[in-house]
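[1] Here's a sequence, model it:
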Amino acid sequence: MRINYLPEVADDLADAREWYENCSPGLGRDFIRMAYAGFSELRGFPERHERVHGPFRRALLRRFPYGIYYQCSADLITVYGVFHTARDPAAIRGAIGVR
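    Now for the predicted structure:
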């Protein structure tokens, strides 16, 4: 199954990586590793995670309080963002385009 990442996902990952790296050297790298492990899991089990905003699903990262927000169809997963779980749900809905 293919995964399509919206351009904003790179910004989400870079911001979180920088924040964690400033907290502790190497932690940013660990965050990125966990994010990519999460993306990899989506390929095998895209419908495994709960729907949280209409058709959007959320996969939680291991070790870090972040969720991957995505939609899936028969042959494509589209990732809309990677957000901290404490972020305001209304802000997340706005970022992924849910009204």
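[2] Which residue of the protein lies farthest from its centroid?
    The centre of the chain is farthest from one residue, residue 25, which by CA atoms, centre = their mean lies 22.2 Å away.
[3] Quick one: neighbours of residue 31, just the number.
    Burial of residue 31 is recorded as 23 neighbouring residues (other CB atoms under 10 Å). Quick note: C-beta positions are derived from backbone N, CA and C, even for glycine.
[4] how far away is residue 54 from residue 71?
    In this view, residue 54 and residue 71 are 9 Å apart by CB to CB, to the nearest Å.
[5] Just want to know which of those two has more residues nearby.
    More crowded of residue 54 and residue 71, by other CB under 10 Å: residue 71, with 17 against 11.
[6] Give the helix, strand or coil label for the more buried one.
    What DSSP: H, G, I helix; E, B strand; the rest coil gives for residue 71 is strand.
[7] One more: residue 80?
    strand.
[8] How much space separates the spatially closest residue to residue 96 that is not a sequence neighbour from residue 66?
    Spatial nearest neighbour of residue 96, chain neighbours left out: residue 80 (4.2 Å); criterion: CB to CB, 6 or more residues apart in numbering. According to CB to CB, residue 80 stands 13 Å off from residue 66.
[9] in the chain, which spans are helices?
    7-23, 27-44, 89-96 (DSSP state H).
[10] Now render the ones you listed as TSV, adding distance to residue 60 and mean pLDDT.
    Below are the helices of the chain laid out as TSV (distance: least, CB to CB, whole Å; pLDDT from 0 to 100):
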stretch	distance to residue 60	mean pLDDT
helix 7-23	14	97
helix 27-44	8	96
helix 89-96	13	92
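[11] got CSV for those helices, with distance to residue 50 too?
    Listed next are these as CSV, based on distance: least, CB to CB, whole Å:
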stretch, distance to residue 50
helix 7-23, 20
helix 27-44, 13
helix 89-96, 14
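[12] Tell me which of the ones you listed lies nearest to residue 1.
    Closest to residue 1 of those, according to CB to CB: helix 27-44, at 5.2 Å.
[13] Quickly list what the most centrally placed residue in the chain is bridged to.
    Nearest to the geometric centre of the chain sits residue 68, at 2.0 Å (CA atoms, centre = their mean). Beta-bridge pairing of residue 68 under DSSP bridges involves residue 59, residue 82.
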